[in-house]
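Enquirer: what follows is a predicted structure for the sequence shown.
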Amino acid sequence: MIAGLTKLERQLSLAVLTVLALCGLAFAAAGRNDPIGTHGFVILLSAVGLMFVVMAGYYAPEPDKERLSRYYDDPTKVGIILAMAWAVFGLFFGVWVAALLAWPDLTFDAAWSSFGRIRPVHTTSVIFGFGGNALIATSLHVLQRTTRARLPDQFSPWFVLLGYNLFCVLAVSGYFMGLTQSKEYAEPEWYADIWLVIVWVVYFLIYIRTLARRKEPHIYVANWYYMAFILVVAILHIVNNLAVPVSFGSAKSYSLFSGVQDAMTQWWYGHNAVAFFLTAGFLGMMYYYLPKRAGRPIFSYRLSIISFWGIVFMYMWAGSHHLHYTALPQWVQTLGMTFSVVLLVPSWASAGNALATLNGAWHKVRDDATLRFMMVAAVFYGLSTFEGSFMAIRAVNSLSHYTDWTVGHVHAGALGWVAMISFGSIYALVPWMWKRERMYSSRLVEVHFWLALSGTVVYVFAMWNSGIIQGLMWRTYNESGTLAYSFIDSLVAMHPYYIARTLGGLLFLLGAMVGCYNIWMTIRQPGTSLAAEGSEVDEPALATSTALQAGE
Amino acid sequence: MEIGKRDPVTGKTTTGHEWNGIEELDTPVPRVVLFFLFVTILFSVVYWVLMPAWPLGVTYTKGLLGFDDRQVVASAVSDATLERAAWTDKVASMDFPAIQADEGLMRSVRETGRTLFADNCAVCHGVDAKGGPGFPDLTAKAWLWGGSPEQITQTIEFGINSGHPDTRVSQMMAFGRDGVLDRKQINDVVAYVRSLSGAEAATGDNAGRIEAGREVFAANCVACHGDTGKGNVEVGAPDLTDAKWIYGSDTQSVFNTVYGGRQGHMPHWKDRLTPIDVKVLALYVQSLDGAAK
């Protein structure tokens, strides 16, 4: 892979890695009595390790100019593999943390395995590790195909992909050591946050620089969503993580916000992380791989426009519905609730646009598990956005808040929508990327599909039951005017559902492992010169682009 | 790039855009989408007019209904308090024997006490109040600090070794670790103490030890546990003649107790629970006495 980089890019890599190694060394020295010192070593070792990789290929001959007439897909390939690895890791911890709720002794008396630590390990690994890598990998692929332009250089995509994974490693290893900002989905501490900002700006620049050189007159809708994802996540991340570190040698920092302002900022972030990370980014994925796999035109261009602007505008207001009936002033709750209700319309418009795109290709949905993954994802997207708008209504929320219903809702979205669309896209993408005719085994894709679907359904039904029972138990009074059930009574009632939930998660994990095996075997099987199904174009249509890009 | 190509499946024309084989149909936005957009926005506008909604500098639009969350909660709480007052007022004003004599009132006390106990006390004493190693069984009638409702109230309010200025304080010395007794003396006194509750019968083998232990006991333990080992609720010293043990009755456990001492801990609840809650809990806990299985 280093052989594909130019001499200049290899030198740039070494320079950046040297700076990174020095930063790691500085943290290791300044924080020798603090967990940040450990992270300094992690950064140092990562940088030095990669330096060895670059050095090993440093004297390889300069790559030929011919490469510039092809798309640059190596980062996408590595991104797919990283996404699947994070998926298995994160889902495993999900099953563990679910089991912990049913059988609390499963921490084995270790601090690192306590619920408060492995729960963010699970969420960060699946959302940022799996979801994030899948987004980066697919976005770089979609970006080139829909602009007919090669990535602007070969260094920055690696910087983004590997830098992002360094962030994920810092985040997850930090939780094991007990580091957290105590902000849900924004747990990593200040230095990891700053690093992510740098990575993210480079990611955005890749997008802008490629779009600026596009050979297509129009920007495809998938790219609007990917752009919204990158831009808004940057804004959310920077604002919510504004904090003052105790010192350069300390991992601990204090947020700029406090009290109800902090809560509101956090849930403005949290809900828009759902909106722009887990929705917009994956809608971008859906808008490319679903029509491509179905071989059908998008149902309605205009529908995609109004749903895009509807989603990006409405979501920004909706975060306060996480704080119904709290110290947050009621008028803020009103706005959050009403915008959440309106949001249902563009959300369903997107889901409907995806499903209507399949008109004329339903026989393929029946026969092809890859396309079925994407179809079911669109259905779950519709279901969970309906549920979300419903739960944002204050009266409903007074029952659902703080219960497992919320957890079930999140997983309907995360398993049913985000993971399914990612698996579908990856199954479409892997044969294209590795120039194989098809996946190693379409039966295993089928097996994965049914494991994933049954796991999701078991999980979501368990949490619906558990959540509603919990909500009702918490508000039932006896004749004396006292709450009829103690908290522990409600926990006892939850126990069977927690076991069912663990089982659902286990099925989903098994599915992902089957997927990993299938992808691995696809990569290992001999290559073919045949065009892969879906006839993915490997080279920009414009041969003249070589001259145009050579100078970059 | 063909402009307005017709899609054979739907009969609709495309927009003429094409990205790596992906095209878009020029389908108009379905009416139903516009309809629901209109309905949801209308709902929102009506809701904004009726409810607190938009910020206006330092204030906000109050809404025509004059609905205020804080007032709603405050009045709901005061309504509920008023409703409960039917029996809580009696609990507050009546003394313990009078309450205990009122079966209707005791039913409310037990209903409420069960939830209060499970939410506040069960963490240590267990949902069945039977305790566990280190935590007393409240159903056993073996009260460290006395089992009258008044005495239980004081224990709940101020705790044991709790840090509250009025806390109940007790400590059993670490006779072995602090070198007060040597190992033989401890073994003897352990045998004697166990014999008090019949946990260890005098056989030829240990009769001597029990006798020796009696002397050790008389010299070191009677100050708190009393001459006969019946304990003393004034200092929280347990009765050693019953079969109820907090830290275990086997030889090793009793040895550990004598060797390392004991100092239990119970938090004070006066600042967390209302006086009525405490009273209800005291009555509830006392009513468990023997009643619980």
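Expert: In hand now; what should we look at?
Enquirer: going forward, measure contacts and count neighbours with C-alpha atoms only.
Expert: Fine.
Enquirer: report whether the lengthiest helix in chain A contacts chain B.
Expert: The longest helix of chain A (DSSP state H) is helix A:487-524. Yes: on the criterion Cα under 8 Å from any Cα of the partner chain, helix A:487-524 is in touch with chain B at A:487, A:488.
Enquirer: that helix packs against which elements?
Expert: Counting contacts by 3 or more Cα pairs under 8 Å, 6 or more residues apart in numbering or on different chains; DSSP states H and E, helix A:487-524 packs against helix A:74-102, helix A:420-433, helix A:442-474, helix B:103-120.
Enquirer: from the chain's centre, how far out does it sit?
Expert: Centroid separation for helix A:487-524 versus its chain: 18 Å, with Cα atoms, centre = their mean, to the nearest Å.
Enquirer: report the angle between that helix and helix B:103-120.
Expert: 30 degrees (axes from the mean of the first three to the mean of the last three Cα atoms, to 10 degrees).
Enquirer: what's the angle between helix A:487-524 and helix A:420-433?
Expert: Counting by the same axes, to 10 degrees, helix A:487-524 points 10 degrees away from the direction of helix A:420-433.
Enquirer: could you pull out the buried residues of helix A:487-524?
Expert: The neighbour-count check on helix A:487-524 (16 or more other Cα atoms under 10 Å in any protein chain shown) flags A:487, A:489-490, A:494, A:497-516, A:518-519, A:522-523 as buried.
Enquirer: ranges for the strands of the chain?
Expert: Since no chain was named, I'll use chain A. Under the criterion DSSP state E, chain A carries strands at the ranges A:243-245, A:253-255.
Enquirer: wait, I meant chain B there
Expert: Taking DSSP E as the criterion, chain B contains strands spanning B:14-19, B:22-25, B:55-56, B:59-60.
Enquirer: what lines up beside the longest one in the sheet?
Expert: Translated: strand B:14-19. In the sheet containing strand B:14-19, its partner strands are strand B:22-25 (antiparallel), by DSSP bridges.
Enquirer: average pLDDT across the strand it pairs with?
Expert: Strand B:22-25 carries an average pLDDT of 93.
Enquirer: what comes into contact with stretch A:475-495?
Expert: Stretch A:475-495 is contacted by residues A:102, A:466, A:469-470, A:473-474, B:80, B:83-84, B:87, B:108, B:111-112, B:115-116, B:118-119 when judged by Cα atoms under 8 Å, 6 or more residues apart in numbering or on different chains.
Enquirer: among those, name the buried ones.
Expert: For those, buried by 16+ other Cα under 10 Å: A:102, A:466, A:469-470, A:473-474, B:84, B:87, B:108, B:111-112, B:115-116, B:118-119.
Enquirer: on that earlier part again, take the strands of chain A and lay them out in TSV including mean neighbour count and mean pLDDT.
Expert: Formatted as TSV, the strands of chain A follow (neighbours: other Cα atoms under 10 Å in any protein chain shown; pLDDT from 0 to 100):
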stretch	mean neighbour count	mean pLDDT
strand A:243-245	15	96
strand A:253-255	17	96
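Enquirer: between those strands, which one is nearest to chain B?
Expert: Comparison of the strands of chain A against chain B by Cα to the nearest Cα identifies strand A:253-255 as nearest, at 24.8 Å.
Enquirer: for the residue nearest the centre of chain A, what are its contacts?
Expert: Nearest to the geometric centre of chain A sits residue A:131, at 2.3 Å (Cα atoms, centre = their mean). By Cα under 8 Å, 6+ apart, the residues touching residue A:131 are A:83, A:278, A:418, A:419, A:422.
Enquirer: and if we set it to 10 Å?
Expert: A:83-84, A:86-87, A:124-125, A:137, A:277-278, A:281-282, A:414, A:418-419, A:422 (Cα atoms under 10 Å, 6 or more residues apart in numbering or on different chains).
Enquirer: and what of residue B:119?
Expert: A:485, A:486, A:487, A:488, A:489, B:113, B:127.
Enquirer: tally of neighbours for the first one?
Expert: Using other Cα atoms under 10 Å in any protein chain shown, residue A:485 is surrounded by 23 other residues.
Enquirer: okay, it and residue A:463: tell me how far apart.
Expert: 19 Å (Cα to Cα, to the nearest Å).
Enquirer: looking at the helices and strands packed on helix A:487-524, which is buried most?
Expert: Comparing the helices and strands packed on helix A:487-524 by mean neighbour count (mean count of other Cα atoms under 10 Å in any protein chain shown), helix A:420-433 ranks first with a mean of 24.
Enquirer: up against chain B, what does the stretch 51-200 of chain A have?
Expert: By Cα under 10 Å from any Cα of the partner chain, the residues of the stretch 51-200 of chain A that approach chain B are A:142, A:144, A:145, A:146, A:147, A:148.
Enquirer: does residue B:9 really touch residue A:296, like I thought?
Expert: Yes: counting by Cα atoms under 10 Å, residue B:9 touches residue A:296, with 9.3 Å between them.
Enquirer: which of the two has more neighbours?
Expert: Each of residue B:9 and residue A:296 has its neighbours counted (other Cα under 10 Å); residue A:296 has more, 22 against 10.
Enquirer: ok, the more buried one to chain B distance?
Expert: 7 Å (Cα to the nearest Cα, to the nearest Å).
Enquirer: settle this for me: that residue is touching residue B:18, isn't it.
Expert: No: contact criterion Cα under 10 Å: residue A:296 and residue B:18 do not qualify, at 11.8 Å.
Enquirer: may I see the buried residues of the lowest-mean-pLDDT helix or strand in chain B?
Expert: Sorting the helices and strands of chain B by mean pLDDT, DSSP states H and E puts strand B:14-19 at the bottom, at a mean of 89. For strand B:14-19, a neighbour-count test (16+ other Cα under 10 Å) marks B:14, B:15, B:17, B:18, B:19 as buried.
Enquirer: any idea which of those residues is closest to chain A?
Expert: Using Cα to the nearest Cα, residue B:19 is the member of these that lies nearest chain A, at 5.0 Å.
Enquirer: contacting residues for that closest one?
Expert: Contacts for residue B:19 (Cα under 10 Å, 6+ apart) come out as A:142, A:145, A:146, A:147, A:148, A:216, A:217, A:218, A:219, A:220, A:288, B:1.
Enquirer: so what's it bridging to?
Expert: Counting by DSSP bridges, the residues bridging with residue B:19 are residue B:22.
Enquirer: sorry, back to before: from the buried residues of strand B:14-19, which is closest to residue B:258?
Expert: Residue B:258 lies nearest to residue B:19 out of these, by Cα to Cα, at 83.5 Å.
Enquirer: quick one: that closest one and residue A:268, what's the gap?
Expert: Relative to residue A:268, residue B:19 is positioned 35 Å away (Cα to Cα).
Enquirer: at which residues are the helices of the stretch 1-150 of chain B located?
Expert: Counting by DSSP state H, counting those that start in this stretch, the stretch 1-150 of chain B has helices at residues B:31-50, B:69-93, B:96-101, B:103-120, B:122-125, B:149-158.
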